[in-house]
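Chemist: coords below, sequence missing:
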Ligand SMILES: [Zn+2]
């Protein structure tokens, strides 16, 4: 995971004076969403007139839905943002962690859960952090289980013990002590 520098724009929680750029951006956002809405309505009307087209459209939507599901990200890949919307409400939004800000992630026109207005532009934002900590990088490997001694090692050890025994025997004056357990 490469390091991404998360941007801030303004401070969402501080009082904010909307700029001319904000007003222009909001107007554009509304115009785009109206245009999209008109396209959808036209398309719906065409589909009503043409069942084959409607079926084709339904299939396309299903494909997209499946694709979206396959993109579902794990929590540590989701960045949380605090954003101030054009309407003045502060909300939390989320984006894939690879985006350096919520606007480039495509969250440029939000529906405000507070006032219900649609197509609201983001006028300030700051990163809050990932939804979950990334899994710890692979640490040191767990200690290997004690290795079974090889036959050669066992033989070496037996020989060493025999030598040790022989040495002890030679030092011990009484022969009966040989049977003594070490
Ligand atoms: Zn609002």
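Modeler: Nice, I can see it. The model shown is predicted, which means the values in this text are computed figures rather than measured ones.
Chemist: so what's the most centrally placed residue in the chain up against?
Modeler: Centroid-nearest residue in the chain: residue 77, 1.6 Å away (criterion: C-alpha atoms, centre = their mean). By C-beta atoms under 8 Å, 6 or more residues apart in numbering, the contact list for residue 77 reads 96-97, 130. Every C-beta, even on glycine, is put in place using the N, C-alpha and C of the backbone.
Chemist: would you list those residues in TSV and tack on pLDDT, neighbour count and secondary structure?
Modeler: Listed next are the contacts of residue 77 as TSV, based on pLDDT from 0 to 100; neighbours: other C-beta atoms under 10 Å; DSSP: H, G, I helix; E, B strand; the rest coil:
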residue	pLDDT	neighbour count	secondary structure
96	88	12	strand
97	89	20	coil
130	92	16	strand
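Chemist: which one of these is nearest the ion?
Modeler: residue 96 (24.3 Å; C-beta to the ion).
Chemist: right, and the closest one touches residue 78 too?
Modeler: Yes. Assessed by C-beta atoms under 8 Å, residue 96 is found in contact with residue 78 at 6.9 Å.
Chemist: where do the helices of this protein begin and end?
Modeler: Assigned by DSSP state H, the helices in the chain fall at 20-49, 51-70, 151-171.
Chemist: least confident of these, on average?
Modeler: Note on those: lowest mean pLDDT is at helix 51-70, with a mean of 79.
Chemist: other SSEs contacting that one?
Modeler: helix 20-49 (3 or more C-beta pairs under 8 Å, 6 or more residues apart in numbering; DSSP states H and E).
Chemist: hmm, who's touching stretch 14-25?
Modeler: With contacts defined as C-beta under 8 Å, 6+ apart, stretch 14-25 is touched by 10, 84, 86, 88, 121, 123-124.
Chemist: could you rerun that using 6 Å?
Modeler: With contacts defined as C-beta atoms under 6 Å, 6 or more residues apart in numbering, stretch 14-25 is touched by 84, 121, 123-124.
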